[in-house]
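Chemist: The following block contains a protein sequence and its predicted model.
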2 protein chains.
Amino acid sequence: MPRDTSRDGFGNEVEAYVLTHFPNIWKWIQDTRPLARLANKTLINSAIGKIPTRPFAYSLMTLENVVPDTTLPKKQDTYTSWDSLNDRRYTGRHLPPDPEFNRDGNLPALADVAALFRKRDGKTTLSPKSTLLFPYWVQWFTDGFLRTDRVNRLRNTSNHQIDLCNVYGLSPVQTRMLRTFEGGRLKSQEINGEEYPPFYYGDPAAGTVKPEFDGLYVPLSDETRLPAEQKALLFAMGVERANIQFGYVMLNTLCLREHNRLATLLAGHYPDWDDERLFQTARNILMAEIMKIVVEEYINHIAPYNFKFIVDPASFPNQGWYRQNWMSVEFSLVYRWHSALPDTLAYDGKTMPMVGSLWNNEMLLRRGLGAMFEETCAQPATKIGLFNTADFLIDAGELPSVQLGRTAQLPSYNAYREMCQYPRVTAFDQITEDPVAQRELERLYGHVDKIEFYVGLYAEDVRENSALPSLIGRLVGIDAFSQALTNPLLSEHVFNERTFSPVGWEIVQSPLTLGDLVNRNTPATGKRYNVTFYRAQDAVAGRT
Amino acid sequence: MPRDTSRDGFGNEVEAYVLTHFPNIWKWIQDTRPLARLANKTLINSAIGKIPTRPFAYSLMTLENVVPDTTLPKKQDTYTSWDSLNDRRYTGRHLPPDPEFNRDGNLPALADVAALFRKRDGKTTLSPKSTLLFPYWVQWFTDGFLRTDRVNRLRNTSNHQIDLCNVYGLSPVQTRMLRTFEGGRLKSQEINGEEYPPFYYGDPAAGTVKPEFDGLYVPLSDETRLPAEQKALLFAMGVERANIQFGYVMLNTLCLREHNRLATLLAGHYPDWDDERLFQTARNILMAEIMKIVVEEYINHIAPYNFKFIVDPASFPNQGWYRQNWMSVEFSLVYRWHSALPDTLAYDGKTMPMVGSLWNNEMLLRRGLGAMFEETCAQPATKIGLFNTADFLIDAGELPSVQLGRTAQLPSYNAYREMCQYPRVTAFDQITEDPVAQRELERLYGHVDKIEFYVGLYAEDVRENSALPSLIGRLVGIDAFSQALTNPLLSEHVFNERTFSPVGWEIVQSPLTLGDLVNRNTPATGKRYNVTFYRAQDAVAGRT
């Protein structure tokens, strides 16, 4: 039986219908530059405008009594203080806490919630739309700005910007460790004729890092437990999570190569520039390139629309949402797409368990960057939703996420629907058409009003031709657009030839895909590596 | 001979004429709430819109090669880097550096420039408009956000917000030292029946501070050289400069009393609130009160207009200037009104040298807060401009300011006129009508194009009925409005009853003058202390 759509909201249905139909009209708009710019601006403003803009009235600071912190006085209640309005070490929040909803006994035991994520009879549902590159990209990309503090989960270690900290380090001190200070280049090494980051450990058996990387980050405990031969191949990169899986390493390596390629290119054009200027300008260009891929390739892959968003910074001089960035706990939770990562992957044509790819740089080094991208893009991701998470990500991913929602005392799933201008649901079959999911939700929560935010997000059915369920799509769009387009590099008096250099400005304004980046940073083989978020059957429709 | 106004700019002249004439029309607008709001919004947007908005493309970071800093690589040239776009420890700048203009030999020797500020034959020019409260307020107010780093003058120690750090400390660690943690109150003591901050030194003779204030700030070297009896009376307050002169101490003491008054008031209305909530809410209310006085009393005193600005946060949801605050070096220089501070002051009816009032809290304690405010408001400030600075502020104030402009490699005065939509001047008599000033400027600089920014600012004649010369007025307005109205407490979803409490919200929305604050925080005497920025002859015109 199809889902009951009576609570989708008429305005939402009209909007979705218009955006996913009339392909010829949208194509005409897309091809007519002034119309495309107007549509782009209108749709982005409309997406962000669905909820109140920053600054947030509250942050997770007001829950500091839950996780004691000696540097701050205890707080008994939720209210706005000067500190909570300014201290971005504490993660932001869109809605105030709801202690009543999160009180002991009102929500099912965490262990019971696991059943909602665990695969049924080991059955995996593939994504009809996305390749494995999609979850790899998502992990890499979001780890740059959604960075929950490992010690105090009310806090974060984010710079609140898309600053490629995963490549360049979290602060200038770390950045210095990764630079050669010659020709603007990042430190690298050659292996099998290809460029990679330098190795991190000086003595892998003893677990000691090279002195030059001392203080780069505090390794995750999983990393400290690795055998010496795996540690020996870990790279020195910007953040503590960068070696976690070879997909992350592929994207970091790609950025490293592009940075050094740009630095060399700039050095050729501007022979009187010193290392510092070459480095900074190459970084500016690379960040603008990634921003372009984020909006024009990645976000357009996520959205089911016939209109394709463009990077057009000049469109947003006077927007009410142009406020200082502040990552929110809701943004962090709507972006946890554990279920998109399969149990297994194909490597050199053979199936192997995904867990075997963790902390395993040998797999990348053996085959090289181009072949790895191509094979990654030749296999599907899994579908985002309940009952589809790999076992190793239930305890390590899903349950901590549910717990974070409770620690943050988030209001209910229905409260967030309301905030986002979706009518509250009144029955389980309005969330999903899956009768098993309906039954399990009812068994665990009893009433739709009692469904918690994180569970509700992933219980919704993925929209047709989209990569995401509706509420996730809306919330991701809001925080993503309103925090990406506020990047200072895109701002009115900075996004120009002076900032990027004449050579860089031309690069920034040229069309660019992730495939272009891969192919110009891998040894020439006479053929082009196929790099795409789209599974083969969709590739033509999606890429035109 | 009057000043040659041919280079004032037609648009500027029309604007100034309209705003300083037609008092009946302006009164009608002011009294018609929707029109007043519209005028307020239009005039503020127009003021800020005179120059490009933040983010700044450059900061003083790019001059780091001038003042070496081992944590950053040297930079040879000026360009935009990710660090310079994000690291607000470095002061911002409106115009890029002009190394050619600032090269050795192009500008007069610093010692020679002193002659432009030193009084001629000891003659002092009084301000026709302002009382001595004006320079006291300006020093106190600006020290909260224009905070050049004492060690590295390219940097600042500012929080880039009007956050009353002079009262509450620069960071939460300092704030804690100043709190009682009972009833939301700040630490205080009673002397002669009035409330003051606690004393800072535990053993004044040894120069050791009380353990509870260890780490509050690093005392200025002037403070460390004071005799024990003066140290004994220094107060523990938010920043290192707070005891520098009793005018600063008066305003800090006033805020302390108001904070504690508000905390007690809130505790009476909300008996279940803990200390933390009482403290934070009292602070929110006090900051909103000060913001109201800043805009409605102080800025309106500065401006010569017939329209009086109002605090109306809801007017600015979609402004292109609503960007993250960042104090600029130009803002710091346009706000150095040393010449407004007289050589002498009247204390208890007797004339004494201003230097005697430095670090001298005994003067305040002996007479009490109300009498000191009244006597301060019964004597004039001096006029802002050349040849009018007290001797002790030439070496300690004016010359370091000229030097900062050179260190920052600021372009010329004429370049800044151009940036602010004033035509470049072509002759000395277009700057000032004072023939001596014209002659001295010509002798030192030779040509108007060679006049440096800081000198040009103060060489301009003060506009009629204004407290300031034109270019200063324009630049102060731009940075002040665009950085005060972005205060998060005034933002769309924060400026409400939830943030301030119902009792506080009523206070925040009620009319308030500095005089109200003084009179409700001093022992009742049966009469009202007269507290005003306006000298007596202007008081009636100015206050209506």
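Modeler: On my side now, so go ahead.
Chemist: What residues does residue A:434 make contact with?
Modeler: Residue A:434 is in contact with A:386, A:387, A:461, counting by Cβ atoms under 8 Å, 6 or more residues apart in numbering or on different chains. The way it works is simple: take the backbone N, C-alpha and C, and place the C-beta from them, glycine included.
Chemist: Let me see the backbone angles for it.
Modeler: As for residue A:434, its main-chain torsions (degrees, to the nearest 10) stand at phi -70, psi 110.
Chemist: Residue B:506 versus that one, what's the distance?
Modeler: Residue A:434 is 53 Å from residue B:506, where distance means Cβ to Cβ, to the nearest Å.
Chemist: got the end-to-end distance for stretch A:119-133?
Modeler: Across stretch A:119-133, the terminal residues are separated by 22 Å (Cα to Cα, to the nearest Å).
Chemist: Name the nearest residue to the residue in the stretch 101-250 of chain A positioned nearest to chain B, sequence neighbours excluded.
Modeler: Nearest residue of the stretch 101-250 of chain A to chain B (Cβ to the nearest Cβ) works out as residue A:172 at 5.8 Å. The shortest distance from residue A:172 to any residue that is not its chain neighbour, by Cβ to Cβ, 6 or more residues apart in numbering or on different chains, is 5.8 Å, and that residue is residue B:83.
Chemist: I'd like the distance from the helix or strand that that neighbour is a member of to the chain centre, please.
Modeler: For residue B:83, the host element (DSSP states H and E) is helix B:82-86. On the basis of Cα atoms, centre = their mean, to the nearest Å, helix B:82-86 is displaced by 26 Å from the centre of the chain it belongs to.
Chemist: Let me see the mean pLDDT of it.
Modeler: Looking at helix B:82-86 alone, the average pLDDT works out to 93.
Chemist: which strands and helices sit next to the following helix or strand past it?
Modeler: Per DSSP H and E, the first helix or strand lying C-terminal to helix B:82-86 is helix B:110-117. Using 3 or more Cβ pairs under 8 Å, 6 or more residues apart in numbering or on different chains; DSSP states H and E as the contact criterion, the neighbours of helix B:110-117 among helices and strands are helix B:399-407, helix B:435-445, helix B:453-459.
Chemist: just the angle between helix B:110-117 and helix B:435-445, please?
Modeler: Computed with axes from the mean of the first three to the mean of the last three Cα atoms, to 10 degrees, the direction of helix B:110-117 lies at 170 degrees from that of helix B:435-445.
Chemist: picking up where we left off before, tell me the pLDDT of the residue of the stretch 101-250 of chain A closest to chain B.
Modeler: Reading off the confidence values, residue A:172 has pLDDT 93.
Chemist: any idea how far it lies from residue A:324?
Modeler: Using Cβ to Cβ, one obtains 20 Å as the distance from residue A:172 to residue A:324.
Chemist: outside of the helix holding residue B:83, which residues touch it?
Modeler: Judged by Cβ under 8 Å, 6+ apart, the contacts made with helix B:82-86 from elsewhere in the structure are A:159, A:161, A:163, A:168, A:172, A:280, A:283-284, A:287, A:488-489, A:494, B:55, B:58-59, B:61-62, B:72, B:90.
Chemist: In chain A, where's the longest helix?
Modeler: helix A:246-269 (DSSP state H).
Chemist: how distant is that one from the center of its chain?
Modeler: With Cα atoms, centre = their mean as the basis, helix A:246-269 stands 20 Å off its chain's centre.
Chemist: Please spell out which residues along it are buried.
Modeler: For helix A:246-269, a neighbour-count test (16 or more other Cβ atoms under 10 Å in any protein chain shown) marks A:246-263, A:265-267 as buried.
Chemist: what packs against that helix?
Modeler: Using 3+ Cβ pairs under 8 Å, 6+ apart as the contact definition, the elements that helix A:246-269 packs against are helix A:133-142, helix A:165-168, strand A:194-196, helix A:275-293, helix A:361-367, helix A:369-376, helix A:497-509, helix A:514-520.
Chemist: What about whichever residue of the stretch 151-300 of chain A sits closest to chain B, how many residues nearby?
Modeler: Ranked by Cβ to the nearest Cβ, the top residue of the stretch 151-300 of chain A for proximity to chain B is residue A:280, at 3.6 Å. Residue A:280 has 23 neighbours, counted by other Cβ atoms under 10 Å in any protein chain shown.
Chemist: Equivalent analysis for residue A:225, please.
Modeler: Residue A:225 - counted by other Cβ under 10 Å - has 12 other residues nearby.
Chemist: distance of it from residue A:208?
Modeler: From residue A:225 to residue A:208 the distance is 15 Å (Cβ to Cβ).
Chemist: can you check residue A:445 too?
Modeler: Using Cβ to Cβ, one gets 50 Å for the distance from residue A:445 to residue A:208.
Chemist: about what we covered before: want to throw the helices and strands packed on helix A:246-269 into TSV with mean pLDDT and distance to residue A:526?
Modeler: Below are the helices and strands packed on helix A:246-269 laid out as TSV (pLDDT from 0 to 100; distance: least, Cβ to Cβ, whole Å):
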stretch	mean pLDDT	distance to residue A:526
helix A:133-142	98	23
helix A:165-168	98	29
strand A:194-196	98	16
helix A:275-293	96	25
helix A:361-367	98	18
helix A:369-376	98	12
helix A:497-509	97	25
helix A:514-520	98	11
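Chemist: The helix or strand residue A:37 falls within near chain B anywhere?
Modeler: Here residue A:37, judged by DSSP H and E, is contained in helix A:33-48. No. Using Cβ under 8 Å from any Cβ of the partner chain, helix A:33-48 stays clear of chain B, with a minimum separation of 10.2 Å.
Chemist: next one: that helix to chain centre, how far?
Modeler: 23 Å.
Chemist: thought residue A:126 was touching residue A:379?
Modeler: No. Between residue A:126 and residue A:379 there is no contact, the gap being 9.4 Å when judged by Cβ atoms under 8 Å.
Chemist: Give the residues shared as contacts by these two.
Modeler: residue A:342.
Chemist: got the residue ranges for the strands in the stretch 301-450 of chain A?
Modeler: Listed from the start of the chain, the stretch 301-450 of chain A has strands (DSSP state E, counting those that start in this stretch) covering A:344-347, A:350-353, A:380-382.
Chemist: of all these, which lies closest to chain B?
Modeler: Comparing the strands of the stretch 301-450 of chain A by their distance to chain B (Cβ to the nearest Cβ), the top pick is strand A:380-382, with 31.5 Å.
Chemist: picking that back up, could you pull out the buried residues of the helix holding residue A:37?
Modeler: Using 16+ other Cβ under 10 Å, the residues of helix A:33-48 that count as buried are A:36, A:39, A:40, A:41, A:43, A:44, A:45, A:47, A:48.
Chemist: I'd like those residues laid out as CSV, including pLDDT and distance to residue A:415.
Modeler: As requested, those are exported to CSV (pLDDT from 0 to 100; distance: Cβ to Cβ, whole Å):
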residue, pLDDT, distance to residue A:415
A:36, 94, 36
A:39, 94, 32
A:40, 93, 31
A:41, 94, 30
A:43, 94, 26
A:44, 93, 25
A:45, 92, 24
A:47, 92, 20
A:48, 92, 20
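Chemist: So which of those residues is the closest to chain B?
Modeler: For the buried residues of helix A:33-48, the minimum distance to chain B (Cβ to the nearest Cβ) is 10.2 Å, reached by residue A:45.
Chemist: what sits against the closest one?
Modeler: Taking Cβ under 8 Å, 6+ apart, one finds A:319, A:321 in contact with residue A:45.
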